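J.: Below is the sequence, then the predicted model.
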Amino acid sequence: MTRHQGDNSKKKGTSARQGGAKKPSTSRGNAPLRKTASKFATKPGEQKAPKAPKAPKNPDEIRLNKYIANSGMCSRRDADIYIQSGNVKVNGVAVTEMGYKVKLTDVVQFDGSTITPEKKEYLLLNKPKNFSTVNDENRGDSNVLELVKGATKANLQPVGRMDKTTTGLLLFTNDTDIITKFTSPNQRSSKLYQVTLDKNLKYDDLEKISNGLTIDEFRVYVEEVTYIEDQPKSEIGIKMKTANVKIVRKIFEHLKYNVIKLDRVTFAGLTKKNLPRGNWRFLTEQEVINLKNS
């Protein structure tokens with residue numbers, strides 16, 4: 001046997017390159033599957049231990065930071081910062097505890113202002129006749145809330161009172177600060193009313209109203225009172241800061257005039273533009289800012 005002939009004793013076809021027999025693979029992909037007991041499986045006859053029942057949630061309680069976030073004041077994360085800094089009070093007591101829960105009946109103050117657990121919303125209605133702000137079932141009057149029903153899930157309330165014969169702008173909101181602001185006797189926002197009388201208003205009586213009247217031992221002042229241009233002298237425009245329409249009626253009744261129609265044309269800078277009688281709309285962000293600054 002020469003050096004170059006190789007060893008003929010070796011059988012041909014044993015080389016893997018030549019397609020010979022292969023060794024069994026031990027890779028994971030070709031390994032036989034082994035059935036192992038799952039650590040989550042239960043043994044025969046063994047029962048799972050019952051889970052401890054979760055404490056039922058109280059639907060009347062809500063986390064303080066969520067309460068604040070729902071009010072629209074800030075996010076939950078920012079609310080936590082305000083809580084930790086002591087700027088949130090519950091029933092008059094500062095709360096700094098994280099995760100503190102409050103009841104819906106609690107009075108919560110955020111940075112000095114009373115808030116509600118819902119986003120503040122503002123809605124303007126051009127009120128028609130035969131709807132009152134007073135909910136008196138005995139009288140059978142329809143309530144103004146029927147006109148804005150379904151507009152929002154928020155608990156809206158009318159700002160001020162308006163009898164069923166008075167028409168015009170009526171503001172609704174769940175913002176207690178706005179309600180208080182525009183119903184307090186010393187509020188400073190202007191309202192414009194158009195009054196229709198049963199007869200022409202004498203110029204002398206116009207001057208009396210302009211100079212101020214004493215009604216029921218109270219001095220009543222108006223910002224402006226005028227005849228409406230190109231209308232009969234029974235059509236009067238009167239501008240006042242009061243939101244109480246009863247005072248407007250009393251002014252003319254004090255001078256022996258009957259008020260046939262009373263319509264609120266403007267309210268704290270808001271107008272009836274593009275708002276037909278009986279319709280409503282939500283205020284824009286800018287209108288809300290103006291309302292709070294008025």
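T.: Cool, got the structure.
J.: so what's residue 239 bridging to?
T.: Beta bridges link residue 239 to residue 192, residue 224 when assigned by DSSP bridges.
J.: Tally up the residues packed near it, please.
T.: 15 (other C-beta atoms under 10 Å). In short, each C-beta sits where N, CA and C put it, glycine included.
J.: my guess is it meets residue 195, correct?
T.: No: applying C-beta atoms under 8 Å, one finds residue 239 not in contact with residue 195, separated by 11.3 Å.
J.: Just the helices from the stretch 101-250 of the chain, written as ranges.
T.: 176-183, 203-211, 245-254 (DSSP state H, counting those that start in this stretch).
J.: So in the protein, which strand runs the longest?
T.: Longest strand of the chain, by residue count under DSSP state E: strand 259-267.
J.: Give the pairing partners of that strand; include direction for each.
T.: Under the rule (DSSP bridges), strand 259-267 has strand 167-173 (parallel), strand 191-197 (antiparallel), strand 270-271 (antiparallel) as partners.
J.: How about residues contacting it?
T.: Residues from elsewhere that reach strand 259-267 (C-beta atoms under 8 Å, 6 or more residues apart in numbering): 124, 162, 165-171, 189-198, 237, 243, 245, 248-249, 252-253, 271-272.
J.: returning to what we had before: export the helices of the stretch 101-250 of the chain as CSV, with columns for mean pLDDT.
T.: As requested, the helices of the stretch 101-250 of the chain are exported to CSV (pLDDT from 0 to 100):
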stretch, mean pLDDT
helix 176-183, 87
helix 203-211, 96
helix 245-254, 94
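J.: Most tightly packed of those?
T.: Per-stretch averages of neighbours, counted by mean count of other C-beta atoms under 10 Å, single out helix 245-254 among those, with a mean of 18.
J.: counting contacts, what elements does that helix pack onto?
T.: strand 191-197, strand 213-215, strand 218-220, strand 235-240, strand 259-267 (3 or more C-beta pairs under 8 Å, 6 or more residues apart in numbering; DSSP states H and E).
J.: Nearest to residue 63, out of these?
T.: Among these, strand 259-267 comes nearest to residue 63, with 36.7 Å by C-beta to C-beta.
J.: Run the angle between that closest one and strand 235-240 for me.
T.: 50 degrees (axes from the mean of the first three to the mean of the last three C-alpha atoms, to 10 degrees).
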